[in-house]
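Peer 1: the following block contains a protein sequence and its predicted model.
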Amino acid sequence: MKYVLVIPDGAADEPQELLGGLTPFQAAKTPNMDAVAVAGVVGRANHIPDSMPSGSDVGTMSLFGYDPLKFHTGRAPLEAAAQGIELGADDWAIRCNLVTVLDGVMKSFTAGQMPNDIGANLVQLLQKDQCGSENWKFYQGVSYRNLLLYRSRNGAAPFSVETQSTPPHDITDQEITPHLPTGPGADQLLDLMQRSVSLFATNEANTARSDNAATQTWLWGIGKRPALTPFKERFGVHSAVITAVDLLRGIGRLLGWNVIEVEGATGYLDTDYAAKGRAAIETLQDHDFVIVHVEASDEASHEGEADAKVEALERIDADIVGPIHEHLKSQGDYRLLLSPDHPTFLRTKTHAHGYVPVGACGTGIDSDSASTYDDVSAAESSIIFEQGCDLMPWFLQK
């Protein structure tokens, strides 16, 4: 049996006036996703517990079958795993965004999609200035996405599970003051953030980007090393993940998956969709289960671009879902699953709690009455996964 999961990140949404009162899923021409609905079932799943922040770290953990209320310890430790960074039992990882804050307002949580070379220079400045303490270490990631580690030297650390900071992508165009770090150790995080302001102003390549220049760091997603049971031990399948996002790479490595790198995969709207589709088909040759994650639909929501979100869904449909489904049908027994990790509303440009549409077809899945895969069709279905972590055992028949 072969299994594939396609994740159009943040694709679930509300009806949009700009789209004639349709959701992006409804407005997009997605004949291949609709074919999954016709051949199988459509339902809905809630991957974000009400008590937790509505981020991809929580949503994908649930989607992969792990209850985030039990296993989630923070976003940054997952991204540390993506970079092959080992965390000690008392170490803490912190996500470090390069952001643009103007007049106290979060104008861009990506610093205008910071170029890698300029971002690398800014991270070097941060490390050079890093408080004169051996406890702190900055690690360059991709573009605006970086990490800060606190290495505990004596088993003690200033942080706890009560240390909190709002994800910067949740406060676009909002005042930052109500969302600054709070709790134990917050004073140290605030000091580092404030020191970055003057540092970034000294880098000419950065300041030359004008309104897209990074004005400071934003520290968030703090957490310790999680303890995740290997996926194969739980579900008995040999798996791989295709993604351009460190978060998914990190979760994959912690679960024991192979992480497949695809040339041209960017984690943005310009990603090479077709290359991801081809890579998935190739990877199925020696894996039981392949996960294909596409960030583009989420990025379009964060930028408030309805047309771009529709285009991303159409590209996912044509270049990923269609070719994969045709290949699976030629290979014998299979199952194909479609599911976002969480909604991301164009209206607010932020992640949200709530149901996402689920579509599944293949061996042992009898067709129901659904004819389209979208938010409205899912809302009318009687198939509901109130705890999103129950979806994966159902899909894998475990």
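Peer 2: Structure received.
Peer 1: could you find the closest non-adjacent residue to Cys361?
Peer 2: Gly40 (2.7 Å; Cβ to Cβ, 6 or more residues apart in numbering). To be clear about C-beta, it is placed using only N, CA and C from the backbone, and glycine gets the same treatment.
Peer 1: and the one you found, backbone torsions?
Peer 2: Gly40 adopts backbone torsions of phi -140, psi -120, taken as degrees, to the nearest 10.
Peer 1: wait, what's in contact with it?
Peer 2: Leu336, Gly359, Ala360, Cys361, Gly362, Ile365, Asp366, Ser367, Asp368 (Cβ atoms under 8 Å, 6 or more residues apart in numbering).
Peer 1: out of those, grab the one that's most surrounded.
Peer 2: The member of the contacts of Gly40 that has the most neighbours, counting by other Cβ atoms under 10 Å, is Gly359 with 28 neighbours.
Peer 1: so how far is Gln16 from that residue?
Peer 2: Distance, Gly359 to Gln16, by Cβ to Cβ, to the nearest Å: 21 Å.
Peer 1: got it, and Pro323?
Peer 2: 28 Å.
Peer 1: out of the two, which sits in the busier spot?
Peer 2: Gln16 (20 against 17).
Peer 1: got phi/psi on the more buried one?
Peer 2: According to degrees, to the nearest 10, Gln16 has phi -120, psi 130.
Peer 1: ok, now Val105?
Peer 2: phi -120, psi 140.
Peer 1: quick check: closest non-adjacent residue to it.
Peer 2: Glu175 (5.9 Å).
Peer 1: cool, Ile222 as well?
Peer 2: Ile94 (4.8 Å).
Peer 1: in this structure, which strand is the longest?
Peer 2: Looking across the chain with DSSP state E, the single longest strand is strand 92-102.
Peer 1: starting from that one, tell me which strands it pairs with and how they run.
Peer 2: strand 105-108 (antiparallel), strand 145-150 (antiparallel), strand 216-223 (antiparallel) (DSSP bridges).
Peer 1: alpha carbons only: can I get it in PDB?
Peer 2: The C-alpha trace of strand 92-102 is given here as PDB (Å, rounded to 0.1, in the frame of the first residue of the first chain):
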ATOM      1  CA  TRP A  92      16.100  26.200  25.100                       C
ATOM      2  CA  ALA A  93      15.500  27.100  21.400                       C
ATOM      3  CA  ILE A  94      14.000  30.400  20.300                       C
ATOM      4  CA  ARG A  95      12.800  31.400  16.800                       C
ATOM      5  CA  CYS A  96      14.500  34.600  15.700                       C
ATOM      6  CA  ASN A  97      12.700  36.500  12.900                       C
ATOM      7  CA  LEU A  98      14.200  39.400  11.100                       C
ATOM      8  CA  VAL A  99      11.300  41.800  11.000                       C
ATOM      9  CA  THR A 100      10.400  45.400   9.900                       C
ATOM     10  CA  VAL A 101       8.700  47.500  12.600                       C
ATOM     11  CA  LEU A 102       7.800  51.000  11.700                       C
END
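Peer 1: report the rounded mean pLDDT for that strand.
Peer 2: Averaged over strand 92-102, pLDDT sits at 96.
Peer 1: same thing with stretch 342-356?
Peer 2: In this model, stretch 342-356 carries a mean pLDDT of 96.
Peer 1: same check, this time on stretch 236-247
Peer 2: Average pLDDT, stretch 236-247: 95.
Peer 1: what about it, start to end distance?
Peer 2: Distance across stretch 236-247, first residue to last, is 23 Å (Cα to Cα, to the nearest Å).
Peer 1: buried set for it?
Peer 2: Under the neighbour-count criterion of 16 or more other Cβ atoms under 10 Å, stretch 236-247 has Val237, Ser239, Ala240, Val241, Ile242, Thr243, Ala244, Val245, Asp246, Leu247 buried.
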